[in-house]
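S.K.: Fold the stuff below for me.
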Amino acid sequence: MESAYLQKNLGTCLTQGLAEVARMRPVDPIEYLALWIYKYKNNVTMEQQRQEEMAQLDHERELAVMEQEMMERLKAEELLFQQQQLAFQLELEMQEKERQRIEELQRAQEQFEKELRMSMENTAKGEDISHGEDGADSGRTLAEISDRYGAPNLSRVEELDEPMLSDVALNIDQDL
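M.R.: Numbers count the residues shown, from 1 in each chain. The predicted structure is shown next:
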């Protein structure tokens, strides 16, 4: 039983140490074997630490890869969300422009209908005036008669009959 313990815990170490002592043939083989065993223990400990560090690095590398993939998916989702938001915003802007265009068309149509009614009323008034009394509008100016914007506001101008000459024309004839 003790030989199994020694074989398990010291077998490899002692075998390699004794082989090294036989190969090197130092002056003090006991001290050389003791230092070699001490160095062997440090090497084994360092190898175990290196193995643990490598395992930890592999684990951290896997986590980093997973995190990188997660970040890429999040960026892709964010980009998709931004594209959807932009598309939605463009759709809203197009709907707003369409609504404004429709409103402007309605206003233009209402203005056109209003002008058409006014024109028809003015035409009807013009027919009434020509068929009605000639002296009824004689005191009113053109701007008062017409409802149109920009109608001239002229005072009444008396027209001279053609066969009659004006006083100025008669004075010019007398001077000659």
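S.K.: Next, count neighbours for residue 111.
M.R.: 10 (other C-beta atoms under 10 Å). All C-beta spots, glycine's among them, are computed from the backbone N, C-alpha and C.
S.K.: pLDDT score for it?
M.R.: For residue 111, the model assigns a pLDDT of 91.
S.K.: Pull the residues that contact stretch 5-14.
M.R.: 37, 40, 41 (C-beta atoms under 8 Å, 6 or more residues apart in numbering).
S.K.: which SSE is the residue nearest to the second one when sequence neighbours are not counted in?
M.R.: Okay, so that is residue 40. Closest residue to residue 40 apart from its sequence neighbours, by C-beta to C-beta, 6 or more residues apart in numbering: residue 13 at 5.5 Å. Taking DSSP states H and E as the criterion, residue 13 maps to helix 2-24.
S.K.: Mind checking which of the contacts of stretch 5-14 are buried?
M.R.: 37, 40 (16 or more other C-beta atoms under 10 Å).
S.K.: Of the contacts of stretch 5-14, which belong to helices?
M.R.: Counting by DSSP state H, the contacts of stretch 5-14 place 37, 40, 41 in helices.
S.K.: And those, which is closest to residue 112?
M.R.: Within the ones in helices among the contacts of stretch 5-14, the smallest distance to residue 112 is 104.4 Å, found for residue 41 (C-beta to C-beta).
S.K.: In space, what's closest to that closest one - neighbours in sequence excluded?
M.R.: residue 13 (8.0 Å).
S.K.: how far away is the most centrally placed residue in the chain from residue 74?
M.R.: The centre of the chain sits closest to residue 86, judged by C-alpha atoms, centre = their mean, with a distance of 5.0 Å. Distance, residue 86 to residue 74, using C-beta to C-beta, to the nearest Å: 18 Å.
S.K.: Tell me where the chain is predicted with low confidence.
M.R.: Residues of the chain meeting the criterion pLDDT under 70: 1, 127-176.
S.K.: where along it do the helices fall?
M.R.: 2-24, 29-131, 142-145, 167-175.
S.K.: ok, and for the helix holding residue 13, which residues are buried?
M.R.: 17, 20.
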